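Undergrad: sequence first, predicted model second:
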Amino acid sequence: MRLSLSIIIAASILSGCATNATVPPSQNPSLQAVSPNTAAASEGGAMQRSLDAWFKEEWTPLTTPKTTQAKDDATKSVMVASTASKTEDEKPFTLQSFADKWKVYHENEAKIKEGKPKEASHIDTLNALPVIGK
């Protein structure tokens, strides 16, 4: 009697679980209210935002050639520059092209920092301390 009663209870529990429709986590409104999964992917991380800002503010202006010509030549140079950027995007990536851009970036950065005072390095700061310094 007990055995048949336990079999009936186990069968009803298992059949109840099998017929109960489960909701995937991405469609669970309670879970989405607590922890939405779309915000993190759309905003990007702090490191990505920092890299994008550096790329936009420093890398691109220092690696793209600047033209200082007369007005007649200006339209010609803009047209040439736009076609050059299109062909540059279509070219396959090569390590040499990246190295050339890196060299141009550092040369232009050195020209910009040429007249400005040099930032103190951490070694200079530590050497200036009374106990640690020389």
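TA: That came through, no problem.

Undergrad: residue 130: helix or strand, and which one exactly?
TA: Residue 130 belongs to no helix or strand when assigned by DSSP states H and E.

Undergrad: typo on my end, it should be residue 52
TA: Taking DSSP H and E as the criterion, the element that holds residue 52 is helix 46-54.

Undergrad: neighbouring contacts of that helix?
TA: Contact with helix 46-54 is made by residue 44, as judged by CB atoms under 8 Å, 6 or more residues apart in numbering. (C-beta placed from N, C-alpha, C; glycine too.)

Undergrad: what about residue 104, how many residues nearby?
TA: Using other CB atoms under 10 Å, residue 104 has 14 other residues around it.

Undergrad: with only the CA atoms kept, save the helix holding residue 52 in PDB.
TA: Backbone C-alpha positions of helix 46-54 (Å, rounded to 0.1, in the frame of the first residue of the first chain) are rendered in PDB as follows:
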ATOM      1  CA  ALA A  46      35.000  51.900 -19.300                       C
ATOM      2  CA  MET A  47      38.100  50.500 -21.100                       C
ATOM      3  CA  GLN A  48      36.400  50.500 -24.500                       C
ATOM      4  CA  ARG A  49      35.100  54.000 -24.000                       C
ATOM      5  CA  SER A  50      38.500  55.200 -23.000                       C
ATOM      6  CA  LEU A  51      40.100  53.500 -26.000                       C
ATOM      7  CA  ASP A  52      37.500  55.000 -28.400                       C
ATOM      8  CA  ALA A  53      38.100  58.500 -26.900                       C
ATOM      9  CA  TRP A  54      41.900  58.100 -27.300                       C
END
